[in-house]
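Student: Build me a model:
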Amino acid sequence: MDSPTDDDWTLPEETHLGRVALRVGDLEPMTAFYRDVIGLSVLDRNGTTATLGADGGPLLELTADPDAAERTRTEAGLFHTAFRVPSRAALGDALERIRNRWELDGASDHDVSEALYLDDPEGNGVEVYRDRPRETWSTVGDGRVHMVTEPFDFEGVAAAATGEERAPADTDVGHVHLEVASLEAFERFYIAAFGFDLRATYPDARFVAAGGYHHHVGANTWNGRTGPTGDGRGLDWFEVVVSDDALRRELRDRLPTNLESTIESGFAVTDPDGIEIRVVDGS
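Tutor: Next comes the predicted model:
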């Protein structure tokens with residue numbers, strides 16, 4: 001399947017994700033989960049909002065809205081937020097924290113990465129993973145990345161643990177994975193307009209990225225979501241960091257002007273499922 005690109009414009013190689021924001025019903029247990037299980041540090045707490053990250057870098061915004069409704073079974077939205085740790089030792093530490101303090105829902109070896117899966121207290125999906133070196137990734141004939149789902153090496157990852165309670169300083173948000181209503185609409189927006197490259201295609205799932213990464217944004221239709229995201233609990237917005245001012249302006253010109261707004265250091269745009277993406281300057 002060819003990428004539905006209108007031209008050869010793509011996002012700059014250094015494009016990456018910034019913060020992810022969640023609307024939550026109860027801030028206290030959600031903050032405790034991301035601090036004690038995922039290993040993030042609480043960087044700021046201001047009334048109904050908590051900011052968490054690693055060594056001063058913000059990665060997650062939690063905003064409390066006790067009146068927000070739970071996400072319905074038809075609404076598009078978040079499949080998981082994926083926190084990328086820099087080493088197998090850090091992944092082993094995450095596995096230890098999850099086993100001691102929470103419940104692991106799954107784990108897989110994807111060839112490009114090793115990944116742990118769980119849900120937070122309000123049912124938002126979470127992945128903690130570490131990449132293998134890029135030079136070891138397998139590709140298919142057209143240069144796309146080859147990802148598999150194989151058994152996870154629990155023994156080897158656990159043996160690498162060092163007992164660290166906090167995620168390392170260079171932990172980041174490696175990708176977000178969305179549940180969408182239409183993969184065709186996802187491709188038109190994220191590839192043809194936004195400029196991500198199609199990196200992998202699987203039944204009912206697509207993975208796109210900039211700079212040859214395996215994926216910055218994933219999408220699937222596995223659970224039959226049919227409607228746009230609502231304004232209840234769950235994903236509020238996520239950031240795509242494009243630090244070049246001229247390229248950020250060019251991207252803004254490519255996107256639907258009726259679905260965008262200006263924010264500090266960038267702009268926000270809404271995808272076909274009503275999910276807000278904030279394009280920001282990370283410098």
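Student: Spit out the contact partners of residue 50.
Tutor: Residues near residue 50 by Cβ atoms under 8 Å, 6 or more residues apart in numbering: 27, 30-31, 42, 44, 61-62. (Glycine included, C-beta is placed from N, CA and C.)
Student: so it bridges to which residues?
Tutor: Using DSSP bridges, the bridge partners assigned to residue 50 are residue 45, residue 62.
Student: got a pLDDT number for it?
Tutor: Per-residue confidence (pLDDT) for residue 50: 98.
Student: mind checking how far it is from residue 170?
Tutor: Going from residue 50 to residue 170 by Cβ to Cβ, to the nearest Å gives 22 Å.
Student: circling back: just put the contacts of residue 50 in a markdown table and tack on distance to residue 279, neighbour count and pLDDT.
Tutor: Shown next, in a markdown table, are these (distance: Cβ to Cβ, whole Å; neighbours: other Cβ atoms under 10 Å; pLDDT from 0 to 100):
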| residue | distance to residue 279 | neighbour count | pLDDT |
| --- | --- | --- | --- |
| 27 | 27 | 18 | 98 |
| 30 | 26 | 22 | 98 |
| 31 | 27 | 21 | 98 |
| 42 | 27 | 14 | 97 |
| 44 | 23 | 11 | 97 |
| 61 | 16 | 20 | 98 |
| 62 | 22 | 24 | 98 |
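Student: quick one: which two of those residues are the most distant?
Tutor: Within the contacts of residue 50, 30 and 44 form the most distant pair, 14.9 Å apart (Cβ to Cβ).
Student: and residue 251, what are its phi and psi?
Tutor: The phi/psi pair for residue 251 (degrees, to the nearest 10) reads phi -60, psi -40.
Student: for it, what are its contacts?
Tutor: Contact analysis of residue 251 by Cβ under 8 Å, 6+ apart lists 11, 194-195, 242, 279.
Student: Next one: it from residue 215, what distance?
Tutor: Noted for residue 251: a distance of 19 Å to residue 215, by Cβ to Cβ.
Student: For burial, what's the neighbour tally of the closest residue to residue 109 other than its chain neighbours?
Tutor: Nearest non-adjacent residue to residue 109, counting by Cβ to Cβ, 6 or more residues apart in numbering: residue 150, 4.3 Å away. Per other Cβ atoms under 10 Å, the neighbour tally for residue 150 reads 10.
Student: Share the number of residues neighbouring residue 17, please.
Tutor: Residue 17: 23 neighbours (other Cβ under 10 Å).
Student: three-state assignment of it?
Tutor: Using DSSP: H, G, I helix; E, B strand; the rest coil, the structure places residue 17 in strand.
Student: wait, isn't it in contact with residue 242?
Tutor: No - Residue 17 is beyond contact range of residue 242, at 10.9 Å (criterion: Cβ atoms under 8 Å).
Student: any idea which helix or strand of the protein has the worst average confidence?
Tutor: Within the chain, confidence by mean pLDDT, DSSP states H and E is lowest for strand 260-263 among all helices and strands, at a mean of 88.
Student: What residues sit buried inside that strand?
Tutor: residue 260 (16 or more other Cβ atoms under 10 Å).
Student: go on, stretch 156-165?
Tutor: 157, 160-161.
Student: Could you do stretch 76-94 as well?
Tutor: For stretch 76-94, burial by neighbour count (16+ other Cβ under 10 Å) applies to 76-86, 88-94.
Student: The residue positioned nearest the centre of the chain: what's it in contact with?
Tutor: Closest to where the C-alpha atoms of the chain average out (Cα atoms, centre = their mean) is residue 176, at 1.8 Å. Contact partners of residue 176, counting by Cβ under 8 Å, 6+ apart, are 17, 20, 78, 80-82, 216-218, 235, 238.
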